[in-house]
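> build the 3D model from these lines:
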Amino acid sequence: MKSVFLGVTVFSSAALALEPSVAALAKVQGAKPRNVVLIVADDHRHDALSCAGHPFLRTPNLDGLARGGVRLANAFVTTSLCSPSRASILTGLYAHRHRVIDNNNPVPEDLVFFPQYLQTAGYETAFIGKWHMGSDSDEPQRGFDHWVSFKGQGTYWPNPNGLNVDGRKVPQKGYITDELTDYAVEWLNSHGGEKPFYLQLAHKAVHTDFLPEEKSGKQEAKLLVPGIEGRMGFVAAPRHVGRYAKEPFVEPESMAFTPRNYADKPMWVQNRKNSRHGVDVPFGNKVDVATIYQQYMETLLAVDESVGRLIETLRRKGLLDSTLIIYMGDNGYAWGEHGMTDKRSAYEESMRIPLILHCPELIKARTHVPQMIANIDIAPTILEAAGLQPPDAMDGRSCLPLLAGRSIPWRDKLLYEYYWEWNFPMTPTIHALRTERYKYIRPYGVWDVEELYDLQNDPKEIVNLIRDEQHQQVVQEMKSQMFALLKETGGMNIPLFEDRDAQMNRRLESGTPQAGFPPQMIQK
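Predicted coordinates for the structure are as follows:
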């Protein structure tokens with residue numbers, strides 16, 4: 001297996017603050033280096049788009065982007081958690097290789113981000129928005145010439161920490177989605193065109209936050225301390241508040257605590273229902289799921305408007321047709337499925353993400369790509385769009401040939417992994433393997449059961465086939481394939497880091513009772 005860190009060297013000058021340097025990548029002969037804009041939304045569920053058939057949410061700008069390019073309906077993350085997923089986006093590596101496995105511990109100092117290759121190739125690069133990796137650091141990171149970020153999750157309305165702009169502390173002035181978009185538009189307008197550019201706009205939305213104090217009417221926020229105080233939820237821009245207040249929340253089929261829904265389900269799944277990542281205690285507060293769901297959709301509206309502003313800026317500069325625009329979520333989100341909210345699990349709602357690519361000079365309008373595309377494919381795709389040959393050490397592959405309609409060999413299986421967090425102990429370490437037909441899920445470190453789902457006949461993943469006699473060969477084959485992929489990519493060791501931050505381990509006394517061991521584990 002090739003080195004995870006891709007042959008990083010370090011400058012000796014102290015003035016460069018040990019900024020890693022990377023060797024130049026080979027160029028693709030005859031390729032035109034594309035300008036690239038990558039927009040990453042936090043916790044954006046895969047079907048929370050009007051073009052994906054949502055019953056009331058309207059996202060006209062994202063819909064237009066999809067019509068003019070491609071919406072990848074089979075797009076996934078390999079770890080459904082903010083920092084690990086964002087690290088996979090920036091490196092093209094599985095989490096067990098880049099080792100950013102939680103939201104708190106620092107990023108390895110010698111890990112290479114693909115924008116560093118772009119810089120070496122002459123690109124101007126900018127990062128604007130949520131970095132989050134390494135807990136509370138908002139310091140400028142390697143690979144970016146221009147930097148605008150905030151500590152941790154940030155807040156929708158101004159907080160004492162403010163923003164870090166190229167190493168300077170700058171007050172946050174207003175609603176965060178709009179303000180980040182202002183910075184992005186300003187940077188695009190300042191670009192003179194002498195060099196190709198890469199812009200990454202990483203929204204805080206649609207992550208939870210403290211809800212504004214309704215009595216005071218102040219548009220302020222405390223620093224985010226999840227589950228410690230205040231009411232958690234989603235904060236829409238004032239112009240969107242109440243837009244969907246009368247729209248219904250339809251409980252998913254698997255949400256009800258019924259024998260059918262929980263027959264042969266792992267005990268940890270049942271127990272998570274009564275936790276801050278479950279519908280009994282969503283976000284650690286006694287709140288109404290339907291109301292928070294509506295707020296979530298209202299908060300997405302500003303993200304859609306942000307996309308529209310970037311599109312219009314590129315159009316005015318005459319760059320819309322030649323620029324590769326990528327819009328994606330950093331992980332999926334459950335809204336009641338299997339009794340869950342939040343992400344982290346290997347169920348479809350957690351793994352799937354919205355992923356839209358647009359570049360008329362490269363991608364025909366309304367292109368259809370059925371293959372499984374993952375967050376680890378973003379880095380090599382952007383590097384190829386920049387006219388560079390992606391490093392062989394990346395786990396992902398460029399999907400540009402598929403977008404161009406070419407038939408090439410592609411993955412028929414995808415590895416998923418999540419590593420238990422001390423902060424949120426309700427979800428165990430999970431490894432899973434997904435094919436077009438089946439999904440095999442294996443919890444690690446708990447006395448519990450495995451899962452197998454037939455995605456073709458049971459897309460809601462309700463009937464666990466792990467003990468079904470007719471599927472035992474499938475179980476063994478998928479387990480073997482999963483371990484083979486882990487061995488091939490150096491994933492046979494569980495990463496371990498120290499405990500950080502607070503632990504969110506409370507349950508409601510009146511909530512769903514603790515799960516008992518399944519009958520097949522009881523000896524009579």
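> next one, pLDDT for the closest residue to residue 451 other than its chain neighbours please.
Take residue 451 and drop its neighbours on the chain: the residue closest to it by CB to CB, 6 or more residues apart in numbering is residue 441, 4.1 Å away. C-beta here means a position set from N, CA and C on the backbone, and glycine is covered the same way. Note for residue 441: predicted pLDDT of 98.
> make sure residue 441 is indeed in a strand.
Yes: counting by DSSP: H, G, I helix; E, B strand; the rest coil, residue 441 is found in a strand.
> got the contact list for it?
346, 430, 431, 432, 450, 451, 452, 453 (CB atoms under 8 Å, 6 or more residues apart in numbering).
> so what sits opposite the third one in the bridge?
Using DSSP bridges, the beta-bridge partners of residue 431 come out as residue 417, residue 442.
> distance of it relative to residue 496?
Distance of residue 431 to residue 496, given as CB to CB, to the nearest Å: 16 Å.
> ok, those two, which is more surrounded?
residue 431 (23 against 7; other CB atoms under 10 Å).
> point out where the chain drops to low pLDDT.
1-20, 135, 211-231, 285-287 (pLDDT under 70).
> again, 80 this time
1-21, 134-136, 210-232, 284-288, 501 (pLDDT under 80).
> tell me which residue is most central in it.
residue 330 (1.4 Å; CA atoms, centre = their mean).
> near residue 405, how many other residues are there?
The number of residues near residue 405, taken as other CB under 10 Å, comes to 11.
> thinking again about what came up before, what is the most widely separated pair among the contacts of residue 441?
Using CB to CB, those span at most 15.0 Å, a distance reached by 431 and 453.
> can you tell me the closest non-neighbouring residue to residue 423?
That would be residue 501: by CB to CB, 6+ apart, it lies 5.2 Å from residue 423.
> pretty sure the one you found contacts residue 102?
No: applying CB atoms under 8 Å, one finds residue 501 not in contact with residue 102, separated by 9.3 Å.
> between those two, which is the more surrounded one?
Ranked by neighbour count (other CB under 10 Å), residue 501 and residue 102 place residue 102 first, with 25 against 17.
> isn't the more buried one right up against residue 87?
No: taking CB under 8 Å as the definition, residue 102 is not a contact partner of residue 87, at 10.6 Å.
> tell me where the protein has helices.
60-67, 82-91, 95-98, 114-120, 176-190, 259-262, 267-272, 289-316, 348-351, 378-385, 400-403, 472-488 (DSSP state H).
> next, count neighbours for residue 129.
27.
> err, residue 32, not the other one
12.
> now do residue 343 against residue 284, distance only.
15 Å.
> so residue 298 sits against residue 238, correct?
No: taking CB under 8 Å as the definition, residue 298 is not a contact partner of residue 238, at 10.4 Å.
> neighbour count for residue 343 and residue 284, which is higher?
Shown here are residue 343 and residue 284; by other CB under 10 Å, residue 343 has more neighbours (26 against 17).
> excluding chain neighbours, what is closest to that one?
Using CB to CB, 6+ apart, the closest residue to residue 343 is residue 80 (4.2 Å).
> which residues does the one you found contact?
Per CB under 8 Å, 6+ apart, neighbours of residue 80: 331, 332, 343, 344, 345, 346, 350, 351, 416, 418.
> gap between it and residue 332?
For residue 80, the distance to residue 332 - CB to CB - is 6 Å.
> which neighbours do those two share?
343, 350, 351.
> doesn't residue 418 make contact with the last one?
No: in this structure, residue 351 is not within contact of residue 418 by CB under 8 Å, at 9.9 Å.
> these two: which has the busier surroundings?
residue 418 (29 against 25).
> pretty sure the more buried one sits against residue 346.
Yes: between residue 418 and residue 346 there is a contact under CB under 8 Å: 7.1 Å.
> what residues are up against residue 207?
Counted by CB under 8 Å, 6+ apart, residue 207 has contacts 42, 43, 82, 130, 153.
> mind listing which of the residues you listed are in strands?
In strands, defined here by DSSP state E, there are no members of those.
> just send these back as TSV, with neighbour count too.
Below are these laid out as TSV (neighbours: other CB atoms under 10 Å):
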residue	neighbour count
42	24
43	25
82	23
130	28
153	19
